[in-house]
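# here is my input; please provide its structure:
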Amino acid sequence: MLNARDEASFTQAAAYAMQWTTPDFKSARVRARLTQAELARRVGITQSRLSRFEAGKAELNTEQVLRVIQEIIRAQGEVDALRSQN
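Residues are numbered from 1 along each chain as shown. Sure, this is the predicted structure:
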């Protein structure tokens, strides 16, 4: 069972997933300052699979797509927090 914070993040990710196209994933990942390797590690997939997904050459299952978005949102929050400290 997800805690309230993770559930809210997962719900937010699901809402975003309905609007994103494949190129959106790469640009969002880059804005969140995540490498493919780091995002893949956080999601539990290989870097090559994430690369193929971003290129539109492979699909991820629904849970994996939601985890990708959730981790991008989490990382963007970390970036924003660091910016606000400066």
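# the biggest helix by length in the chain packs against which elements?
For the chain, the helix with the greatest residue count under DSSP state H is helix 62-85. Helix 62-85 sits against helix 4-17, helix 22-31, helix 36-43, with contacts defined as 3 or more CB pairs under 8 Å, 6 or more residues apart in numbering; DSSP states H and E. In this view, the C-beta of every residue, glycine as well, is placed from N, C-alpha and C.
# Ile45: what secondary structure?
Following DSSP: H, G, I helix; E, B strand; the rest coil, the label given to Ile45 is coil.
# next, count neighbours for it.
Taking other CB atoms under 10 Å as the criterion, the count of residues near Ile45 is 18.
# what does Gln70 give?
Counted with other CB under 10 Å, Gln70 comes out at 21.
# then Ala58?
A count of nearby residues for Ala58, using other CB under 10 Å, gives 13.
# could you double-check that Ala37 lies in contact with Gln47?
Yes - with contact defined as CB atoms under 8 Å, Ala37 and Gln47 form a contacting pair (4.7 Å).
# show residues contacting stretch 39-49.
Stretch 39-49 has contacts (CB atoms under 8 Å, 6 or more residues apart in numbering) with 29, 34, 36-37, 50, 58, 60, 64, 67-68, 71-72, 75.
# can you turn the buried subset of those residues into a selection I can paste into PyMOL?
Selection of buried members from the contacts of stretch 39-49 for PyMOL, criterion 16 or more other CB atoms under 10 Å:
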select buried, resi 29+34+36+50+60+64+67+68+71+72+75
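# greatest separation within the contacts of stretch 39-49: which pair is it?
Within the contacts of stretch 39-49, two members stand farthest from each other by CB to CB: Ala58 and Ala75, at 21.7 Å.
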